[in-house]
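>>> Make a model of this:
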Amino acid sequence: MTKAEMQAEKIKEISGTDPYKCMKCGKCSASCPSFDEMDIKPHQFVSYVLNEDIEALANSKSLWKCLSCFACVERCPRDVKPGKIIDGARQLVVREKGGDYLKADEIPELLDEELPQQLLVSAFRRYRR
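Model (predicted):
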């Protein structure tokens with residue numbers, strides 16, 4: 001298995017999505033508030049993962065322009081969840097640069113008394129994979 005194949009599989013695993021269900025309708029991109037600032041649009045992220053062109057994703061400014069608002073996830077009629085694929089690609093890039101999982105015993109020292117609990121739960125869900 002090539003490095004690109006392994007990276008594509010890791011993105012699928014992290015995101016928990018099935019990019020093969022995408023029918024390229026573009027509803028995800030149409031609902032994206034960052035659409036105009038992206039060089040790779042949300043519906044194209046799915047194609048890049050399927051084509052195992054992970055290096056282009058990693059070098060894309062779109063990877064960091066995504067607001068993680070998940071409007072694309074809500075609009076997708078096939079439950080592909082392109083926002084989660086984008087998030088999976090971000091995590092892959094961070095992990096390859098040396099960052100890795102957030103462990104439960106590391107969380108208490110990062111807490112702020114004014115931090116909403118929903119944010120904490122969201123962060124734990126994101127970084128436990």
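>>> From the chain's centroid, how far away is stretch 86-105?
Relative to the centre of its chain, stretch 86-105 is centred 11 Å away, using Cα atoms, centre = their mean, to the nearest Å.
>>> ditto for stretch 108-123
Distance of stretch 108-123 from the chain centroid (Cα atoms, centre = their mean) equals 21 Å.
>>> care to break the chain down by domain?
Per automatic domain parsing, the structural domains of the chain span 3-96, 102-129.
>>> Show me which of the ones you listed has the highest average neighbour count.
Stretch with highest mean neighbour count among the domains of the chain: domain 3-96 (a mean of 18; mean count of other Cβ atoms under 10 Å). For the C-beta atoms, the positions are set from N, CA and C on the backbone; glycine is no exception.
>>> Quick one: end-to-end length of that domain, please.
12 Å (Cα to Cα, to the nearest Å).
>>> ditto for stretch 55-64
14 Å.
>>> From Asp87, how far off is Gly98?
The spacing between Gly98 and Asp87, counted by Cβ to Cβ, to the nearest Å, is 19 Å.
>>> If you could redo that for Ser60, that was the one I meant.
Separation of Ser60 from Asp87 (Cβ to Cβ) stands at 14 Å.
>>> and what of Ala30?
Ala30 is 20 Å from Asp87, where distance means Cβ to Cβ.
>>> Test for you: state the pLDDT assigned to the spatially closest residue to Arg78 that is not a sequence neighbour.
Once flanking residues are discounted, Arg78 sits nearest to Lys21: 4.4 Å by Cβ to Cβ, 6 or more residues apart in numbering. What the model reports for Lys21 is a pLDDT of 95.
>>> again, but for the one 3 residues further on
Listed pLDDT for Lys24 reads 93.
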